[in-house]
Structure formats: structure tokens, C-alpha cells
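Participant: Here is the input, now give the coordinates:
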Amino acid sequence: MRVTGFPELGRTRVMGVVNVTPDSFSDGGRHADAADAVRHGRRLLDEGADLLDVGGESTRPGAQRVPEQEERRRVLPVVAALAASGAVVSVDTTRASVAVAALEVGAQLVNDVSGGLADPDMLPAVAAGAVAYVAMHWRGPSIDMQSRAAYDDVVHEVGAELLERRAAAVAAGIDPQRLLLDPGLGFGKDAGHNWGLLSRLPELAALGQPLLVGASRKAFLGELLAAPTGERRPTDGRDAAGAAVTVLAAQAGAWAVRVHDVRSSADAVRVVAAVAAAAAVS
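Facilitator: I've put the predicted structure just below:
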């Protein structure tokens with residue numbers, strides 16, 4: 001599906017993750033310094049990222065909030081530098097004030113893991129900015145979100161709750177052609193819920209909005225790949241599994257996948273697109 005403001009590529013986009021945090025589950029804060037984060041973002045572009053998602057607050061299970069000024073300090077210089085170099089930049093935040101400040105320095109998309117529920121000013125701010133917006137499925141803050149992982153039919157319930165966020169976004173003035181949905185793998189969901197969502201991605205795509213899928217390096221992949229002793233595969237050993245998820249998402253027509261290891265997913269989306277193109281003329 002098309003998103004206003006973004007050219008059609010004929011394939012799923014690859015969103016590279018740029019964490020400007022000291023406590024990221026995936027990279028241990030290796031890019032917490034702004035200059036390091038900018039260099040990392042440029043490496044991801046060289047490896048095939050179509051856009052970069054810059055975040056200054058960890059959303060891993062159990063994470064504590066950081067003060068607004070600290071989030072701004074972490075994020076804004078990185079967004080500004082990457083946007084100035086020509087990158088398409090998304091800001092990963094649940095705060096309207098941070099989103100607005102990031103848009104002012106060049107961000108073109110707001111990726112909100114709360115879907116507008118964490119900050120009542122978010123949806124009106126995005127509408128005023130006339131930019132693309134990702135509303136993720138969210139049942140509560142990171143500190144206790146896993147306590148809310150209770151579903152009778154996870155796909156049906158996540159889909160229904162995403163439609164509620166779509167309705168709220170549109171009511172706030174966000175153009176439906178700029179609105180994306182994210183099923184929120186790992187957010188208030190256990191491994192079984194995540195696999196259930198991945199197994200039925202076409203049903204989520206049928207909601208009628210472009211999808212962003214983010215499975216990269218998450219715990220359920222580590223559980224799947226656990227050692228015989230039961231120890232989870234470390235985060236940096238989960239990228240091949242993440243690329244497999246990218247294939248599933250691309251086959252389901254996802255607009256983008258959010259990943260840490262860009263090169264493998266950039267290759268994967270091109271393979272899926274080539275197979276689809278061949279099938280269309282055969």
C-alpha cells in the first residue's frame with residue numbers, strides 16, 4: 001500500500017534501528033553517543049536501509065521512562081544530522097513534544113509504540129504536522145506491559161484494538177493515507193501470541209492500512225533458538241531468524257520491517273519482490 005510522501009518502491013521497505021540509549025536490549029547502548037549514533041545510521045544506509053528510526057527511550061519489557069529533556073537531548077541531534085545528510089528519518093517516541101521537535105529538525109515519520117495512548121497531544125500534533133504516523137498495538141507502558149498479555153484470539157483482538165487507534169487517529173485529523181499500523185510484536189504478548197500474529201499477517205494487512213512489522217532480535221526469537229540448556233540465543237545471534245520474519249512480512253505485503261541487521265533484510269525483501277514479479281508474468 002502507498003503512504004503519502006513516500007515514493008513507491010515495489011517492495012517492502014527496510015527501516016534501520018538507531019538506538020540512542022544506554023539500555024537497549026539489542027545493542028547494549030553501543031550508539032548512545034550522538035556522533036556514534038549518526039555514524040551507525042550512515043552505515044545502515046550504506047547497507048540498504050530505506051529509512052532510519054531514531055529512538056532515545058528504551059521500550060524493552062520493564063524499562064523505566066526517561067525525562068523528556070533527556071529524550072530530546074539524545075534524539076534531536078541525531079535526527080537533525082541524519083536528515084541533513086539526506087536520510088529519511090523516523091522518530092521513535094511516545095511524547096508529542098519530542099515528535100514535534102524532531103519534525104522541526106527533519107524527521108518525516110513518527111513511530112509511536114503507544115498508538116497515541118501515552119500522550120493525548122500526540123495525535124493532534126501529528127495531524128498538524130501532516131506527516132506519516134505509525135500507531136502500534138499497545139496495552140500499557142513497558143514497566144508492566146507483559147502483565148497484560150491475555151488474549152482469547154490474539155489476531156482478532158489486536159486487529160480490533162488497532163482499528164480503534166485508526167479511528168482515533170483519523171478523528172484527530174490524521175490523513176488515512178499517512179497512517180500505518182504495527183501489531184506490536186513483543187509488546188504485551190508472549191511468544192505464542194507473537195507467532196500467532198506472524199502466522200496470520202494477511203489478516204492484519206486486510207485491515208486496510210500499511211503495516212510495519214518489528215520482530216528484530218526480540219526475545220521470542222531467542223527462545224525459539226535457545227541452546228539445549230534452555231539459555232536464550234543472545235541478541236546478536238538472532239539476525240538470521242529476523243531475516244526469515246522479514247520474508248514472511250514481505251510476502252504478506254508489509255510496508256516496512258524494522259530491523260537492526262539491515263543487510264540481510266534488504267536482501268530478503270528484494271528476493272521476495274523478484275519472486276512476486278516473476279509470478280506476475282508467468
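Participant: so what secondary structure elements neighbour the longest strand seen in the chain?
Facilitator: Ranked by residue count, the top strand of the chain under DSSP state E comes out as strand 13-19. Applying 3 or more CB pairs under 8 Å, 6 or more residues apart in numbering; DSSP states H and E, one finds that strand 13-19 contacts helix 34-46, strand 51-55, strand 256-259, helix 262-281. Yep, even glycine has a C-beta here, placed from its N, CA and C like the rest.
Participant: Now the last one: average pLDDT?
Facilitator: The average pLDDT for helix 262-281 rounds to 97.
Participant: do the same with stretch 34-54
Facilitator: 97.
Participant: That stretch: how far from the chain's middle?
Facilitator: 15 Å (CA atoms, centre = their mean, to the nearest Å).
Participant: What residues sit buried inside that stretch?
Facilitator: The neighbour-count check on stretch 34-54 (16 or more other CB atoms under 10 Å) flags 34, 37-38, 40-42, 44-45, 47-54 as buried.
Participant: Please enumerate the helices of the protein.
Facilitator: Along the chain, the segments classed as helices by DSSP state H run 34-46, 68-84, 96-104, 122-129, 154-171, 191-199, 201-205, 219-224, 239-251, 262-281.
Participant: what comes into contact with the second one?
Facilitator: Outside helix 68-84, the residues that touch it by CB atoms under 8 Å, 6 or more residues apart in numbering are 18, 20-21, 32, 34, 37-38, 41-42, 52, 54-57, 66, 89, 91, 93, 95, 97-98, 101-102, 105-108.
Participant: what are the C-alpha coordinates of it, in CSV please?
Facilitator: Presented in CSV, the C-alpha positions along helix 68-84 are these (Å, rounded to 0.1, in the frame of the first residue of the first chain):
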residue,chain,number,x,y,z
GLU,A,68,11.5,14.4,28.5
GLN,A,69,14.5,16.7,28.3
GLU,A,70,16.9,13.7,28.3
GLU,A,71,15.0,12.1,25.5
ARG,A,72,15.2,15.3,23.5
ARG,A,73,18.9,15.6,24.2
ARG,A,74,19.5,12.1,22.9
VAL,A,75,17.3,12.2,19.9
LEU,A,76,17.3,15.7,18.3
PRO,A,77,21.0,16.0,17.3
VAL,A,78,20.9,12.6,15.7
VAL,A,79,17.7,13.2,13.8
ALA,A,80,19.0,16.6,12.6
ALA,A,81,22.4,15.2,11.4
LEU,A,82,20.9,12.3,9.6
ALA,A,83,18.1,14.3,8.0
ALA,A,84,20.6,17.0,6.9
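Participant: ok, back up a step: which one of the buried residues of stretch 34-54 is nearest Ser114?
Facilitator: Distance to Ser114, by CB to CB, is smallest for Asp53 among these, at 15.2 Å.
Participant: ok, back up a step: what's the closest of the buried residues of stretch 34-54 to Leu221?
Facilitator: The closest of those to Leu221 turns out to be Asp53 (CB to CB; 18.6 Å).
Participant: which residues touch the closest one?
Facilitator: Under the criterion of CB under 8 Å, 6+ apart, the neighbours of Asp53 are 15-18, 89-92, 111, 258.
Participant: Identify the residue nearest it in space, chain neighbours excluded?
Facilitator: In this structure, Asp53 finds its nearest non-sequential neighbour in Ser90, 4.4 Å apart by CB to CB, 6 or more residues apart in numbering.
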